[in-house]
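*Asks:* here is my input, please return the structure:
(2 chains)
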Amino acid sequence: MEKIVCVLCPMGCKIKYSVEDGKIVSVEGNRCPRGLSYLEDELKEPKRIVPTSVKVVNGELPLASVKTSKPIPKRLIPEFMELVKQVQIEAPVKVGDVILKNVLETGADVVATRTVKRVNSA
Amino acid sequence: MKTDVLVIGAGAAGMAAAIAAAKRNLKVVIAERDEITGGILNQCIHNGFGLHYFREELTGPEYAERFREQLSRYAGAIDVLNDCHVLRLNRDRTALLVSPKNVFELEAKVVVYAAGARERPFGSLMIPGDRPSGIFTAGVAQRLMNIDNRKVGRKALIVGSGDIGMIMARRLTLEGIEVVGVVERLPYPGGLLRNVIQCLKDFNIPLYLSSTVVEVKGSERLEEVVVASVDEQFRPIPGTEKSFKVDTLVLSVGLIPQVEMLNGLVTLDKRTRGIACSNTGQSSNEWIFAAGNCTAVFDLVDYVTKEGERAGEYASRYVNGERFSLGVPIVPGENVMLTFPNYYNDVDDLTLYLRCKKPMEKALLKVGGFEKTFEDLIPSEMIVVKIPKQKLSNLDRIEVKLEEV
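*Replies:* Sure thing, here's the model as predicted:
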């Protein structure tokens, strides 16, 4: 049996599995169903949530932290970072605001994870 | 100024304690030295927070924001003093507070101390060589990059494979800084396995186990870091030196509970190095409660929140006239490095946190009449277990053991 560690949450389930003819035939150790989809992705197309920041104009802070709303293919991460580097948004920013929609055709949005007030606003 | 509860620190533990006390209709003052509440959560922009508490995965700022919102809902009961530092806590339950606006005294019936932990600094490592710029603790590098939008360097080496060190290895890489490796003194990684995968393996960052920094070189900015393998006693092995030409060194070499303000007022635990507490959050001084990383360094913020709520609840009951004894001591036994809490009072079941001493494949945890088997234990992953009070009755001392099976 092979073993991988699920990275979807801090529980870090150690998933044991075996594959025959490219098909998963047995799985154990995942404490939630997300572990199964993680395993499937990991064998086919590894995906990750990417947390980072975007620049904010006229904000009380120079950056607003953001994340992808769901995991995106690992191989797209460098391209994703290049894209995010170009983004500038005008304050105010509210947590949950969608900054980019369907980024790189992945189906994931880039959403703000921090509220940044406008300078001098209450 | 007078209040029922003074909470010192508005991080995860302090915010939770304040809300718990406000829910019990007490008047609360939180003193926070930073300009915003939330503590270190604000700079931890990575995901992985809140899974236990909220049953969903959040980033640090999102987690902090949820509690900040709750604080504002209790605006009438909770007075949040930002940019406000507690200079001194006195035996007569008064505190001296300092802010840019004024210096004033506050009288409280009870204190919940939630000052968090601080990072072990470079100076404590006693590394020979120069003292150039370009050496940062992981938390400082994190703040510079995630809050202040500053790039810390071009090419970096990281010391310590704790979660913060590995997460910063990923952060630096994403921001275009080349990370040449992570150096770890122990023969196994210091943080969660998921971080070894998603922070190091994903980006092909080498992890050098059983290795240490033996010299740093540089006249103004850091230029070179020399790393060597170590033996079992962590002594560098001559002839194994390897040189890295880097301009940045990021240290993730441990957190130490912040306890200085309470020196002489409470007892400390020599293993956690934090404030010794009962499962009520009470310290050896009956009117001082404590919670969070100033008591023991926790793995997850969710645990810190829970402990903050607990301390807030019992501190409130204390204000309302209940009196608690510390209870019986909880002591680490076989294969156990540390435990939290340090005392048990049977007002409630026991939520016990512990760390093992060495990696173990399978072990049986024994606490009083309670037993449970655990697999794949490593010292960096905290074990949390809830023990019913019936299993702990009639003990004058609770020993916590992990028997290898």
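*Asks:* would you state the helices of the chain in chain order?
*Replies:* All of this refers to chain A. Taking DSSP state H, the helices of chain A run over residues A:34-44, A:77-85.
*Asks:* other chain: chain B
*Replies:* B:12-23, B:60-73, B:138-146, B:163-174, B:193-195, B:301-319.
*Asks:* include mean neighbour count when you put those into a markdown table, please.
*Replies:* In this view, the C-beta of every residue, glycine as well, is placed from N, C-alpha and C. Output for the helices of chain B, formatted as a markdown table (neighbours: other Cβ atoms under 10 Å in any protein chain shown):
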| stretch | mean neighbour count |
| --- | --- |
| helix B:12-23 | 29 |
| helix B:60-73 | 21 |
| helix B:138-146 | 21 |
| helix B:163-174 | 25 |
| helix B:193-195 | 22 |
| helix B:301-319 | 25 |
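*Asks:* of those, which shows the lowest average pLDDT?
*Replies:* Across the helices of chain B, helix B:193-195 has the smallest mean pLDDT, namely a mean of 87.
*Asks:* where in chain A is pLDDT low?
*Replies:* Scanning chain A for pLDDT under 70 picks out A:121-122.
*Asks:* gap between the residue nearest the centre of it and chain B?
*Replies:* Nearest to the geometric centre of chain A sits residue A:49, at 1.6 Å (Cα atoms, centre = their mean). Going from residue A:49 to chain B by Cβ to the nearest Cβ, to the nearest Å gives 5 Å.
*Asks:* ok, that residue touching residue A:67?
*Replies:* Yes. In terms of Cβ atoms under 8 Å, residue A:49 counts as a neighbour of residue A:67; the distance is 5.9 Å.
*Asks:* need the residues touching each of those two.
*Replies:* Common neighbours of residue A:49 and residue A:67, using Cβ atoms under 8 Å, 6 or more residues apart in numbering or on different chains, are residue B:47.
*Asks:* near chain A, which residues of chain B are found?
*Replies:* B:42, B:45-48, B:51, B:57-59, B:61-62, B:65, B:146-149, B:174-176, B:192-194, B:196-198, B:202, B:299-300, B:376, B:381 (Cβ under 8 Å from any Cβ of the partner chain).
*Asks:* quick one, which of those are buried?
*Replies:* Among the residues of chain B next to chain A, the ones that count as buried by 16 or more other Cβ atoms under 10 Å in any protein chain shown are B:42, B:45-48, B:51, B:57-59, B:61-62, B:65, B:146-147, B:174, B:192-194, B:196-198, B:202, B:299-300, B:381.
*Asks:* of those, which belong to strands?
*Replies:* Counting by DSSP state E, the part of these found in strands is B:47-48, B:58-59.
*Asks:* number of nearby residues for residue A:28?
*Replies:* A count of nearby residues for residue A:28, using other Cβ atoms under 10 Å in any protein chain shown, gives 12.
*Asks:* quick one: residues contacting it.
*Replies:* Counted by Cβ under 8 Å, 6+ apart, residue A:28 has contacts A:15-17.
*Asks:* least confident of the ones in strands among the buried ones among the residues of chain B next to chain A?
*Replies:* When these are sorted by pLDDT, the bottom entry is residue B:48 at 88.
*Asks:* now it. Nearest residue, chain neighbours left out?
*Replies:* Sequence neighbours aside, residue A:10 is the residue nearest to residue B:48 in space, at 5.0 Å (criterion: Cβ to Cβ, 6 or more residues apart in numbering or on different chains).
*Asks:* distance of the one you found relative to residue B:4?
*Replies:* Distance, residue A:10 to residue B:4, by Cβ to Cβ, to the nearest Å: 35 Å.
*Asks:* one more: residue B:274?
*Replies:* In terms of Cβ to Cβ, residue B:274 sits 25 Å off from residue B:4.
*Asks:* ramachandran angles for the residue nearest to residue B:48?
*Replies:* Residue A:10 adopts backbone torsions of phi -70, psi -10, taken as degrees, to the nearest 10.
*Asks:* neighbours of it, just the number please.
*Replies:* Other residues lying near residue A:10 total 21 when counted by other Cβ under 10 Å.
*Asks:* in contact with it, which residues?
*Replies:* Residue A:10 touches B:48, B:51, B:192, B:194, B:299-300, counting by Cβ under 8 Å, 6+ apart.
*Asks:* for residue B:342, same thing?
*Replies:* B:269, B:272, B:276-278, B:329-330.
*Asks:* could I get those residues as a markdown table with neighbour count and pLDDT?
*Replies:* Below are those laid out as a markdown table (neighbours: other Cβ atoms under 10 Å in any protein chain shown; pLDDT from 0 to 100):
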| residue | neighbour count | pLDDT |
| --- | --- | --- |
| B:269 | 22 | 97 |
| B:272 | 25 | 96 |
| B:276 | 23 | 98 |
| B:277 | 30 | 98 |
| B:278 | 23 | 98 |
| B:329 | 17 | 98 |
| B:330 | 25 | 98 |
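*Asks:* which of those sits closest to residue B:130?
*Replies:* Closest to residue B:130 out of the contacts of residue B:342 is residue B:272 (34.4 Å), distances taken as Cβ to Cβ.
*Asks:* quick one, strands of chain A?
*Replies:* Taking DSSP E as the test, the strands found in chain A are A:2-5, A:14-20, A:23-28, A:47-48, A:51-57, A:63-68, A:72-73, A:88-90, A:98-100, A:110-112.
*Asks:* most tightly packed of those strands?
*Replies:* strand A:63-68 (a mean of 25; mean count of other Cβ atoms under 10 Å in any protein chain shown).
*Asks:* ok, and what's touching that one?
*Replies:* Contacts of strand A:63-68 (Cβ under 8 Å, 6+ apart): A:49-56, A:80, A:84, A:89, A:93, A:99, A:103, A:106, A:108-114, A:116, B:45, B:47, B:59, B:61, B:146-147, B:149.
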